[in-house]
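[1] Here's my sequence, what's the structure:
(one chain, ligands or ions: 2)
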Amino acid sequence: MTATGTAVAVDAVTVRYDSGAAAVTPLEDFSVQVRPGELAILLGPSGCGKSTLLSIIGGMRSATSGSIRVGDAELTAMTALQLDVFRHDQVGYVFRRSNLVPSLSAVENVAVPLLVKGVPRRDALASATSVMERVELLSLLDRRPDELSSGQKRRVSVARALIADPPLLLADEPTARLDHIGAQTMITLLQSLASDGRTVIVATHDPRFVPVADQTVHMVPDLSSSMGAPTTVTFDPGETIFWQGSRGDRVYVLESGEVEVLNQLADGSEELITAVGAPGHVGAVSPRLGFPRASTARARTAVRAISYSVVDFEKLQSAQVETASSDDEPTIVAAPAEEAPAVVPPPSEELPTLVAEPSAAADETGSPDVPPPPP
Ligand code: ADP
Ligand code: MG
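    Ligands and ions are numbered 1, 2, ... in the order given. Presented below is the predicted three-dimensional model:
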């Protein structure tokens, strides 16, 4: 196999799912470029849109808007038939689950894509054998999936993805549930496949890929550490402060007026969750967790608020706690500058996303427990 990699350019892609009760926008105006022969990793916690992006690059899902170019081809301009051909000729896809046929041997599993295409069995098995050699499984050709370790099964599925010698290999969580030896073997294998000249894109939450990657795409910007001085902002009645699904890094502490917190439903309607008045706050939870906003905040009346970075907002809150526990010191004491913001671990990969997401009502609203900032 002497694959030549292909360039991938994702430009201003938005993906919106309307199938559930609430509309979900895992990708919003998202762009990334991967050069031919590069190993790129899409890194981020569960639910941030890694699999969505991978399947869009692989022509398996369509974007709501934006452009996806793979080599010379613009995927959004392709017919269903052209996409079929593209997927078969250009893309090797390693799914999260190995999906091997239990009754077939390892080499037969690898040969399946060729057999389905009508390649004679002898030729298909010969090609499959050479790919099995490439992933260092030559000694396990005749094993059935239940006689293979998780890591070996995963490598068989990599071999199957490589059988048509595609210039682009996409792998979704290829090290999930592997022990460290299996994970190391997989990471080394994917690195070497990229070194052959193939373009390899891996969706993962496994930071062990970072040292070998040519490009690490952080799918979730680290909003919890973004700065920006507190500023006074005003909103007219009916003006939206932030939209559900957008990514924002500001927390709004109200000085006057009232804010409605709403859920945007999949059918386009809105559902009022609550209303927040001064001195409450909106927008505190999602940026800290690295999630898109779980609800929309809109000014019900004229609103005046102070917009804080997450870091400053947390200092404000800890200052409030200190003040509350002090008998004779009524002024707000600033939190120590070196104090790190609370770090919230990403949700476990195995948890269903809906469980991992903060509930909308708990997300963007704050009880009026934050005092106005010090003058
Ligand atoms: P990741 O791979 O980073 O865990 P996904 O791309 O699988 O993230 O999902 C991103 C978000 O989109 C999640 O909130 C998920 O629930 C939602 N989602 C994914 N696929 C669908 C779908 N087919 N219909 C509705 N929502 C979806
Ligand atoms: Mg995923």
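[2] Doesn't Glu322 belong to a helix?
    Yes - applying DSSP: H, G, I helix; E, B strand; the rest coil, one finds Glu322 inside a helix.
[3] What confidence value was assigned to it?
    pLDDT, Glu322: 71.
[4] How many residues are close by it?
    Using other Cβ atoms under 10 Å, Glu322 is surrounded by 14 other residues. For glycine as for every other residue, the C-beta is placed from the backbone atoms N, C-alpha and C.
[5] oh, and call the first residue 328 from now on, that's how I've got it
    New numbering, starting at 328: the last item is Glu649.
[6] Please report how far it lies from ligand 2.
    Glu649 is 41 Å from ligand 2, where distance means Cβ to the ion, to the nearest Å.
[7] need the contact list for Ile508.
    Neighbour list for Ile508: Gly478 [criterion: Cβ atoms under 8 Å, 6 or more residues apart in numbering].
[8] Look up phi and psi at it.
    Main-chain dihedrals, Ile508, degrees, to the nearest 10: phi -70, psi -50.
[9] Same question for the one 4 residues further on.
    Taking degrees, to the nearest 10, you get phi -60, psi -40 for the backbone angles of Thr512.
[10] Could you pick out the residues of the chain near ligand 2 for me?
    Neighbours of ligand 2 within the chain, by Cβ under 5 Å from the ion: 377-378.
[11] Outline the domain layout of the chain.
    Listed domain ranges for the chain are 335-545, 553-693 (source: automatic domain parsing).
[12] worst average pLDDT in those domains?
    Among the domains of the chain, domain 553-693 carries the lowest mean pLDDT (a mean of 74).
[13] closest to ligand 1 out of the domains of the chain?
    domain 335-545 (3.2 Å; Cβ to the nearest ligand atom).
[14] just how off-centre is the closest one within its chain?
    16 Å (Cα atoms, centre = their mean, to the nearest Å).
[15] for the residue in the chain that ligand 2 sits nearest to, what are its contacts?
    Residue nearest to ligand 2 within the chain (Cβ to the ion): Ser378, separated by 3.2 Å. By Cβ under 8 Å, 6+ apart, the contact set of Ser378 is 423, 499-500, 530.
[16] same thing with Glu435?
    Counted by Cβ under 8 Å, 6+ apart, Glu435 has contacts 428, 452, 455.
[17] Now do the contacts for the first one.
    The contact partners of Val428, by Cβ under 8 Å, 6+ apart, come to 435-436, 439, 472.
[18] Of the contacts of Glu435, which is the nearest to Ala593?
    Val428 (36.2 Å; Cβ to Cβ).
[19] Could you report the neighbour count for Arg448?
    Neighbourhood size, Arg448 [other Cβ under 10 Å]: 11.
[20] Leaving out chain neighbours, which residue sits closest to it?
    Distances taken as Cβ to Cβ, 6 or more residues apart in numbering put Leu442 closest to Arg448, at 6.6 Å, once the chain neighbours are dropped.
[21] Next: Thr567.
    Thr567 sits nearest to Arg625 (Cβ to Cβ, 6+ apart), 4.9 Å away.
[22] wait, the one you found sits on Phe569?
    No - between Arg625 and Phe569 there is no contact under Cβ atoms under 8 Å: 9.0 Å.
[23] Arg362 contacts Ala334, doesn't it?
    Yes - counting by Cβ under 8 Å, Arg362 touches Ala334, with 6.0 Å between them.
[24] follow-up on the earlier one: quickly list what the residue nearest to Thr567 is bridged to.
    Thr567, Glu587 (DSSP bridges).
[25] Next one: it from Asn426, what distance?
    45 Å (Cβ to Cβ, to the nearest Å).
[26] If you count surrounding residues, which of those two has more?
    More crowded of Arg625 and Asn426, by other Cβ under 10 Å: Arg625, with 21 against 12.
[27] Next up, the contacts around that one.
    Arg625 sits in contact with 565-568, 586-587, 589, where contact means Cβ under 8 Å, 6+ apart.
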